[in-house]
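[1] predicted structure and sequence below. I'll ask about it afterward.
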Amino acid sequence: MDNYHRFSELLLKSRYAVALTGAGISVESGIPDFRGQNGLWTKYDPVEYGHIDSFRANPAKVWKMLMDVGALVEGVNPNEAHMALGDLEKLGIIKMVITQNIDSLHQRGGSSNVVEFHGNFRSMHCDYCQKSFLREDISLVSLPPLCSCGGPIRPDVILFGEAIPAEAYSRAFDAAEKCDLMLVVGTSASVMPASRLPLIAKKRGAHVLEINPVASELTMSTTEIHIAEPASVALSNILKIVK
Ligand code: ZN
């Protein structure tokens, strides 16, 4: 049996399958990996522009970087890989998507149970009083946008120096403990603490399957079956077989 059929068979047999996704799944939508070549962090120094202390010292400066992030995530559409994961949820196979992406493309691609490990750009909050806002209600004509209390408003994405949102953290780690299959897509899972999720799943006896064009450290240490293809190609094929 080839890897695609083995992959699909394990998915069909699973009781609680969870997908863990990262930058690679959105590259095909036109969002370069922030950490890769041509990524956000080659243009902006991550500490100077991406750290919570920098935001508190000079929110207008950090908002320059955030405007670029906004333009990236708001100017693209979900691709076949996002859609296939949405379809696999509708078929009752994938129970949850844990993503390190902040682009909301999983929800737009049809997934409803999405844990956003690093937050999202759809909603914002005041850094002083924590009041919540929707992105579309915030004018970005003058930066930073300000709350009525005078505090700077920021997107609900985590900056360097901040913890993973508590609810996302506990939902993701609970899922890693309880799943019997973890499908890793478009991430080398090398950034802590998300990198621990496949290790926990494996330790608890779950099958760890991986879709990444290039082998990662995870492939060598943890992955049971690796498909070395772009996410859209691999997931479309799997969806066809499963159906
Ligand atoms: Zn406020």
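    Nice, thanks for sending it over.
[2] quickly check: the longest helix belonging to the chain near the ion or not.
    Counting by DSSP state H, the longest helix found in the chain is helix 59-74. No: figure legend: helix 59-74 not in contact with the ion (CB under 5 Å from the ion); closest approach 12.5 Å. No exception for glycine: its C-beta is placed from N, CA and C like everyone else's.
[3] give the rounded mean pLDDT of that helix.
    Across helix 59-74, pLDDT averages out at 95.
[4] following it, which helix or strand comes up?
    helix 80-90 (DSSP states H and E).
[5] buried residues in the longest helix of the chain, which are they?
    59, 61-63, 65-66, 69, 72-73 (16 or more other CB atoms under 10 Å).
[6] between those, which is closest to the ion?
    Among the buried residues of helix 59-74, Pro59 lies closest to the ion (CB to the ion), at 12.5 Å.
[7] residues touching the closest one, list them.
    127, 143-144, 152, 154 (CB atoms under 8 Å, 6 or more residues apart in numbering).
[8] could you dump the longest helix of the chain to CSV, C-alpha only?
    Coordinates of each C-alpha in helix 59-74 appear next as CSV, following Å, rounded to 0.1, in the frame of the first residue of the first chain:
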residue,chain,number,x,y,z
PRO,A,59,2.9,51.3,19.6
ALA,A,60,2.9,53.4,16.4
LYS,A,61,6.2,51.9,15.3
VAL,A,62,5.0,48.3,15.9
TRP,A,63,1.8,49.1,14.1
LYS,A,64,3.9,49.7,10.9
MET,A,65,4.8,46.0,11.0
LEU,A,66,1.2,45.0,12.0
MET,A,67,-0.1,46.9,8.9
ASP,A,68,2.0,44.7,6.7
VAL,A,69,0.7,41.6,8.6
GLY,A,70,-2.8,42.9,8.1
ALA,A,71,-2.3,43.4,4.4
LEU,A,72,-0.9,39.9,4.0
VAL,A,73,-3.6,38.1,5.9
GLU,A,74,-6.6,40.1,4.7
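[9] for the ion, what are the nearby residues on this structure?
    Residues of the chain that fall close to the ion, judged by CB under 5 Å from the ion: 126, 128-129, 131, 147, 149, 151.
[10] now do 8 Å
    126-131, 147-151, 153 (CB under 8 Å from the ion).
[11] name the member of these with the most neighbours.
    The most crowded member of the residues of the chain next to the ion is Ile153, carrying 22 neighbours; neighbours defined as other CB atoms under 10 Å.
[12] beta partners for that residue?
    Cys126 (DSSP bridges).
[13] about what we covered before: now the residues of the chain next to the ion in CSV, with distance to Pro32?
    CSV is the format used below for the residues of the chain next to the ion (distance: CB to CB, whole Å):
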residue, distance to Pro32
Cys126, 30
Asp127, 27
Tyr128, 33
Cys129, 35
Gln130, 32
Lys131, 33
Cys147, 32
Ser148, 36
Cys149, 36
Gly150, 35
Gly151, 32
Ile153, 26
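[14] now tabulate these in TSV and tack on secondary structure and pLDDT.
    Formatted as TSV, these follow (DSSP: H, G, I helix; E, B strand; the rest coil; pLDDT from 0 to 100):
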residue	secondary structure	pLDDT
Cys126	strand	98
Asp127	coil	97
Tyr128	coil	98
Cys129	coil	98
Gln130	coil	97
Lys131	coil	98
Cys147	coil	97
Ser148	coil	97
Cys149	coil	98
Gly150	coil	97
Gly151	coil	98
Ile153	strand	98
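[15] quick one, helices of this structure?
    Counting by DSSP H, residue ranges of the helices within the chain are 3-13, 23-27, 40-43, 46-50, 52-57, 59-74, 80-90, 105-108, 166-178, 196-203, 217-221, 231-242.
[16] distance check, the nearest residue to His5 once chain neighbours are set aside against Ile25.
    With sequence-adjacent residues excluded and distances taken as CB to CB, 6 or more residues apart in numbering, His5 is closest to Ile241, at 6.4 Å. Distance, Ile241 to Ile25, using CB to CB, to the nearest Å: 19 Å.
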